[in-house]
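S.K.: Can you look at this prediction? I've put the sequence above it.
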Amino acid sequence: MTVNHTITRDEVEIEITCEVKMWGGAKGARDSFGVPLEPDDEPEAEIISVTPDIELTEDEECAIREKAFDQAADEANDFEE
């Protein structure tokens, strides 16, 4: 998935494009009564590349991951309609 984002460095806005790989979450094992035997796996997003090639802060990475989840949800809603 491609995510476009704007970051600010030294009061200059920089448009970046990030390639993000996403994994959906999965339910952990349950017993016959539905009681969890192991925790659920949460969905994940990994930033694969950033263009232009700059190092991101932890806050910037979190914002991009959140944007990727929002974008994926929007795309899923568009698909259902």
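M.R.: Cool, got the structure. Worth saying up front: this structure is predicted, and the values here are computed from it rather than measured.

S.K.: and the top strand by length along the chain, how far from the chain's centre?
M.R.: Counting by DSSP state E, the longest strand found in the chain is strand 12-23. Strand 12-23 sits 10 Å away from the centroid of its parent chain (Cα atoms, centre = their mean, to the nearest Å).

S.K.: Stretch 40-49 too?
M.R.: On the basis of Cα atoms, centre = their mean, stretch 40-49 sits 6 Å off its chain's mean C-alpha point.

S.K.: Any chance you could give me that stretch in CSV, C-alpha atoms only?
M.R.: Below are the C-alpha coordinates for stretch 40-49, written out as CSV (Å, rounded to 0.1, in the frame of the first residue of the first chain):
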residue,chain,number,x,y,z
ASP,A,40,-5.5,-12.4,19.5
ASP,A,41,-2.9,-11.1,17.1
GLU,A,42,-3.3,-7.4,16.4
PRO,A,43,-3.1,-6.0,12.9
GLU,A,44,0.3,-4.6,12.0
ALA,A,45,1.8,-2.1,9.5
GLU,A,46,5.4,-2.0,8.5
ILE,A,47,7.0,0.9,6.7
ILE,A,48,9.0,-0.7,3.9
SER,A,49,10.4,2.4,2.2
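
S.K.: buried residues in it?
M.R.: 45, 47 (16 or more other Cβ atoms under 10 Å). Yep, even glycine has a C-beta here, placed from its N, CA and C like the rest.
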